[in-house]
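> fold the following, please.
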Amino acid sequence: MTDVASLGLLSIMPPVVAIVLAIWTKQVYLSLFAGIWIAWTILNDWNPLLGAIQSVDELIAVFGDADNTMIILLTVMIGALLTFTQFSGGMSGLVTFMTDRGLVRTRRSAGLLAWMISVVVFVESTIGPLVSGAVTRPLFDKLRISREKLSYILDSTCSCKAMMIPLNTWGAYVVGLLVAQGVESPVRLLALSLPLNFYGLLTLVVSLIIAVTALEFGPMAVAERRVREEGKVLRDGAEPLVATEALAVTVKKGVDPRARNMVVPVGTVVFSLPILLWITGGGDIMAGAGTASAFWSVILGLTVGGLMYRVQGIMSLHEITDMFMKGVGGLIPVGVLLVLAFGIGDASQALGTGPYVAQVTEAGLSPPLVPAALFIVSGVIAFSTGTSFGTWAIMIPIVIPMTALMDLHAGLAVSAVIGGGLFGDHTSPISDSTIIATMAAGADHVDHVRTQLPYASAVAGAALVLYLGFGFVL
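The predicted structure follows:
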């Protein structure tokens, strides 16, 4: 087995290859597996056969982590929620309710609704985009707004809102990392870092502006012109990250579409989540089990929906089972993609990708430049590994001692690490949050990454300038 400490630049090769291949070939599954295979080939002394065998073993081992397994099951069960609410007439009824009453008549109001729903559900990062996507995707299609724009709005609010309103497992996780470093008042330090998290703040503001205006440029402008002029919410040849059969379930013949058949099951998911977080956290929402709570919230939503439809005579037991399996089956490709995303994250960890990037840039920094450098390094690590949590676990133990040794503003340094992690996570094609946003919008994954990158990069550039300025002031 290759010595990880001696890998150097090779440690970043697998994630970089996976990202480049995904963008170049548009074959995300093969690209991710190629990155995983290269990683384990390197670690097995460049033996490609042993690399392939261990790659498969490590992908199977993904299911050995309970949180990973629940995230995958939670994601595919969202497919069942989609088919339930469509077949029962709930989704059609909600769209009709909103449009008939003038609640959502314009592109602006649809964009605002998508942004608001995703942000308001802040107690768990992925549920908000999933709920928002289910509610607003039909409205976006009807009003001729591209799936790429919807996926950008959902992805921009996914992780950023969870960290900017950290009354959730995200906040608890960062506090835990600070406690592990012996920080005397970790909650105070996290609170101090929030107004200085320039990337998170700017992303939420910019995504709101994009949601309610026609301010588009780059590939997003091309996508919006396509849907306005040709009526195509997806480009020709696009492969939406939700199977067509899960998106195109029609209302059961003879059923009167009613908004409540969507509002009640989805509302059950949203409102049961903080309760379950409170229960699993022993009365402290921030200490709750986020993944498990989201998992059981979706199960509760499906159970309530199934009972409602049975009582109303809308669906037989056979139809409930059939729609459940059809919905789950429609999202199996997304589940596979998540397995591959977790797999390449594990491979990057085994290679020591994150620590290598951090060590290369740590030495020789002038104190005023440190916050900007921390933002860049954290962004590179998160982009390469597809995880903000993993990035913070690597960087915070480095940053906290640096703040004392170099007399840095602790809030600014921590915010730079958090913001950089959010940026890398937001833009990485191998990030689970990026994948979930694509799925929630029913967009093509590579198209989503390609169209949102100019916006995220512009915001990151502005955040970098602010970190440079505040580095000299604070």
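
> look up how far Gly411 lies from the closest residue to Ala410 other than its chain neighbours.
Once flanking residues are discounted, Ala410 sits nearest to Thr403: 4.6 Å by Cβ to Cβ, 6 or more residues apart in numbering. All C-beta atoms are positioned from the backbone trio N, CA, C, and that covers glycine. From Thr403 over to Gly411 the distance is 9 Å, taken as Cβ to Cβ, to the nearest Å.

> repeat for Val465
In terms of Cβ to Cβ, Val465 sits 18 Å off from Gly411.

> of those two, who's got more company?
Neighbours were counted for Val465 and for Gly411 using other Cβ atoms under 10 Å; Gly411 has more, 21 against 12.

> how about the contacts made by the more buried one?
Gly411 makes contact with Leu189, Leu192, Ser193, Leu196, according to Cβ atoms under 8 Å, 6 or more residues apart in numbering.

> just checking, next helix/strand downstream of the helix or strand harbouring it?
If you go by DSSP states H and E, Gly411 is part of helix 410-427. Remark: after helix 410-427, the chain's next helix or strand is helix 432-441, criterion DSSP H and E.

> give me the residues contacting that next one.
Residues from elsewhere that reach helix 432-441 (Cβ under 8 Å, 6+ apart): 71, 75, 78, 125-126, 129-130, 132-134, 137, 147-148, 150-151, 154-155, 158-159, 241-242, 331, 334, 337-338, 341-342, 386-387, 425-428, 444-445, 448-449.

> try 6 Å
By Cβ atoms under 6 Å, 6 or more residues apart in numbering, the surrounding residues in contact with helix 432-441 are 126, 129-130, 133, 147, 150-151, 154-155, 158-159, 241-242, 334, 337-338, 341, 425, 445, 448.

> export the contacts of Gly411 to JSON lines and tack on neighbour count?
Output for the contacts of Gly411, formatted as JSON lines (neighbours: other Cβ atoms under 10 Å):
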{"residue": "Leu189", "neighbour count": "21"}
{"residue": "Leu192", "neighbour count": "16"}
{"residue": "Ser193", "neighbour count": "25"}
{"residue": "Leu196", "neighbour count": "22"}
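
> lowest-confidence one in those residues?
Ranked by pLDDT, the contacts of Gly411 bottom out at Leu189, which scores 87.

> give me every residue that touches that residue.
Counting by Cβ under 6 Å, 6+ apart, Leu189 makes contact with Leu178, Val183, Ala410.

> out of those, who's the most crowded?
For these, neighbours were counted using other Cβ under 10 Å, and Leu178 has the most, 24 neighbours in all.

> which residue, other than its chain neighbours, is closest to that residue?
Spatial nearest neighbour of Leu178, chain neighbours left out: Pro186 (3.7 Å); criterion: Cβ to Cβ, 6+ apart.

> what does the host helix or strand of Leu273 contact?
Assigning secondary structure by DSSP H and E places Leu273 in helix 260-280. Under the contact criterion Cβ under 6 Å, 6+ apart, helix 260-280 has outside partners 85, 88-91, 94, 121, 123-124, 131, 285, 288-289, 293, 296-298, 300-301, 304-305.

> one more: stretch 382-394?
In contact with stretch 382-394 (Cβ under 6 Å, 6+ apart) are residues 12, 15, 177, 341, 345, 348, 353-354, 358, 378, 381, 421-422, 424-425, 427-428, 430-431.

> could you report the neighbour count for the residue nearest to Ala410?
Neighbours around Thr403, by other Cβ under 10 Å: 19.

> tell me the spacing between the nearest residue to Met262 once chain neighbours are set aside and Val263.
Of all residues not flanking Met262 in the chain, Gly90 sits nearest, at 3.0 Å (Cβ to Cβ, 6+ apart). Plainly put, Gly90 is 7 Å away from Val263 if you go by Cβ to Cβ.

> between the two, which one's more packed in?
Taking other Cβ under 10 Å, Gly90 and Val263 do not tie; Gly90 has more neighbours (29 against 16).

> of the contacts of Gly411, which belong to helices?
Per DSSP state H, helices hold the following members of the contacts of Gly411: Leu189, Leu192, Ser193.

> tell me the contacts of the last one?
Which is Ser193. By Cβ under 6 Å, 6+ apart, the neighbours of Ser193 are Gly411, Val414, Ser415.

> count the residues that sit near the residue nearest to it when sequence neighbours are not counted.
Excluding the flanking residues, the one nearest Ser193 by Cβ to Cβ, 6+ apart is Ser415, at 3.9 Å. Ser415 has 30 neighbours, counted by other Cβ under 10 Å.

> ok, now the one 3 residues further on?
For Ile418, the tally of surrounding residues (other Cβ under 10 Å) stands at 30.

> OK, contacts around Leu422?
By Cβ under 6 Å, 6+ apart, the contact list for Leu422 reads Ser159, Cys160, Tyr199, Gly200, Ser388.

> return the residues in contact with the residue nearest to Ser193.
Residues near Ser415 by Cβ under 6 Å, 6+ apart: Ser193, Leu196, Asn197.

> ok, the second one to Trp170 distance?
Summarising the geometry, the distance separating Leu196 from Trp170, computed by Cβ to Cβ, is 17 Å.

> what sits against the closest residue to Pro240 other than its chain neighbours?
Excluding its sequence neighbours, the residue lying closest to Pro240 (Cβ to Cβ, 6+ apart) is Gly442, at 4.7 Å. Listed by Cβ under 6 Å, 6+ apart, the contact partners of Gly442 are Arg137, Arg147, Pro240, Val242, Leu247.

> same thing but 8 Å
For Gly442, the contacting residues are Gly133, Arg137, Arg147, Pro240, Leu241, Val242, Leu247, by Cβ under 8 Å, 6+ apart.

> redo those residues as JSON lines? Include secondary structure, neighbour count and distance to Asn47.
Shown next, in JSON lines, are those (DSSP: H, G, I helix; E, B strand; the rest coil; neighbours: other Cβ atoms under 10 Å; distance: Cβ to Cβ, whole Å):
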{"residue": "Gly133", "secondary structure": "helix", "neighbour count": "29", "distance to Asn47": "43"}
{"residue": "Arg137", "secondary structure": "helix", "neighbour count": "27", "distance to Asn47": "46"}
{"residue": "Arg147", "secondary structure": "helix", "neighbour count": "28", "distance to Asn47": "42"}
{"residue": "Pro240", "secondary structure": "strand", "neighbour count": "21", "distance to Asn47": "38"}
{"residue": "Leu241", "secondary structure": "coil", "neighbour count": "26", "distance to Asn47": "34"}
{"residue": "Val242", "secondary structure": "coil", "neighbour count": "24", "distance to Asn47": "38"}
{"residue": "Leu247", "secondary structure": "helix", "neighbour count": "17", "distance to Asn47": "43"}
